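# what would the 3D arrangement of this be:
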Amino acid sequence: MCQENVNGTPQALDVEELARLLFPSVKEFNTGQLRDARHLQAHVRTGGDCFLTLDTSDFIGQGKQENLSRLRIWVFTPEQMVKHLQAGRGHLPEHELRADG
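This is a model prediction of the structure:
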C-alpha cells in the first residue's frame, strides 16, 4: 500500500483513498471533502501522533474513527483525547475507540 513512518503509520496515502474512507457513499468529492482528505494526509505525512477534530461527522462518526485506527491513524475529539490521557494510557488504542466517547 505505502511506506510507513517509524510508528507504523502509512506515509503516502493517496488523497482519493483517504476521501473514500471518509466519504464512502460519495461518487464525486466536493472541494470541502477533498480539503478534509488533504488535511488528514498532511497530518499522516508529517508524522502526527493524533488528529484532533471537532468535525465528528467527517472524521469520527459512522465507523470512520475505527476504520482510520486500523490504518494506525488516530482521530479523536479533544474530549476523547483528554479522557485517553487521563486514563494514563501510554499508547494509542488499536480497538478501544468509540465515536460516543
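# now the strands: where do they sit in the protein?
For the chain, applying DSSP state E gives strands covering 50-52, 74-76.
# if I look at residue 84, what pLDDT would I see?
pLDDT recorded at residue 84 is 84.
# what packs against the lengthiest helix in the chain?
Using DSSP state H to define each element, the chain has its longest helix at helix 31-45. Packed against helix 31-45 by the contact rule (3 or more Cβ pairs under 8 Å, 6 or more residues apart in numbering; DSSP states H and E) you find helix 15-22, helix 56-59. Heads up, the C-betas are built off the backbone N, CA and C, glycines and all.
# buried stuff in the lowest-mean-pLDDT helix or strand in the chain?
Least confident element among the helices and strands of the chain, by mean pLDDT, DSSP states H and E: helix 78-86 (a mean of 88). Neighbour-count burial for helix 78-86, with 16 or more other Cβ atoms under 10 Å as criterion, is recorded at 80, 84.
# how about stretch 39-57?
Residues of stretch 39-57 classed as buried: 39-41, 43-44, 48, 51, 53, 56 (neighbour count, 16+ other Cβ under 10 Å).
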